[in-house]
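Participant: Predicted structure and sequence below. I'll ask about it afterward.
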Amino acid sequence: MVKRSKRIRALAEKVPGNKPLPLEEAVALLKTFNTTKFDQSVEVAVRLGIDPKQADQLVRGSVVLPHGIGRTLRVIVFAKGDKADEAAEAGADEVGGAELAEKIKKGWTDFDVCIATPDMMAVVGPLGRILGPRGLMPSPRAGTVTVDVGKTVREYKAGKVEFRNDSGGNVHAVVGKLSFEPQQLVENIRAFLGHIQSLKPAAVRGQYIRGVAISATMSPSVRVAA
């Protein structure tokens, strides 16, 4: 068992056991956990009633949060010609082709999002063993394989987040910072949960969203009434 610090134990005493709270109350409680010297990230965790072993029940995608996530993502783009220029003009941190792939093969992964145009996937494909485990592999389902690179770069720079269910059927995502105004966090979380609900696989029977919790980088989690 992991030993919790005195600070975490004291904060945990504020949490009303396993009782889910209305979102506004849960956010207000989480805001009282802002007792560190750095601005903690806020994360939402959603337990889904899916079978992650079934391909037709996977939940994956991306969503633009109304108030961003409190930091600017580092975005790279695999593109050429006019699309490369479009990506650069939109604010991509790196744009390239074979030379960018070679840089990644040598161990460089100092970025948060990787976008590619469809015609560059022959170059990007061999990077799957490097990018895949890090959740950085471009995917049509996530919207990171696209011809509309300018719009996609701008969305990620503005606070778009990617997500995919894990092997336990849970989805996690950063939805802001503890320094955000309570209403900003509420609106970001609602936008995320609404998008998750819209992605309910047709094969799922019974309750889809089975549990929601929010937490900060160094805080206990607070259950939210879904």
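Facilitator: Great, that's in hand.
Participant: Which residue, neighbours along the chain excluded, lies closest to A213?
Facilitator: S221 (4.3 Å; CB to CB, 6 or more residues apart in numbering). Any C-beta I mention is one placed from the backbone N, CA and C, and that applies to glycine too.
Participant: Check the gap between that neighbour and V174 for me.
Facilitator: Using CB to CB, to the nearest Å, S221 is found at 14 Å from V174.
Participant: pLDDT below threshold where in the chain?
Facilitator: 1-17 (pLDDT under 70).
Participant: That one: helices as residue ranges?
Facilitator: 6-12, 23-31, 81-90, 98-105, 121-124, 128-131, 149-158, 182-198 (DSSP state H).
Participant: Please identify the deepest-packed of those helices.
Facilitator: Across the helices of the chain, averaging neighbours per residue (mean count of other CB atoms under 10 Å) puts helix 149-158 on top, at a mean of 21.
Participant: Not counting it itself, show me its contacts.
Facilitator: The contact list for helix 149-158 (CB atoms under 8 Å, 6 or more residues apart in numbering) reads 64, 68, 72-73, 75, 77, 79, 83, 86-87, 89-92, 112-113, 115, 117, 143-144, 146.
Participant: Please apply the same query to stretch 190-201.
Facilitator: 23, 44, 46, 48, 50, 56-59, 61, 63, 65-66, 161, 163, 171, 173, 175, 208-209, 212, 226.
Participant: Equivalent analysis for stretch 122-134, please.
Facilitator: Counting by CB under 8 Å, 6+ apart, F78, G97, A98, A101, I104, K105, T109, C114, A116, M137, P138 sit against stretch 122-134.
Participant: ok now that stretch, how far from the chain's centre?
Facilitator: 19 Å (CA atoms, centre = their mean, to the nearest Å).
Participant: State the distance spanning the first to the last residue of it.
Facilitator: Chord length of stretch 122-134, first to last residue, is 20 Å (CA to CA, to the nearest Å).
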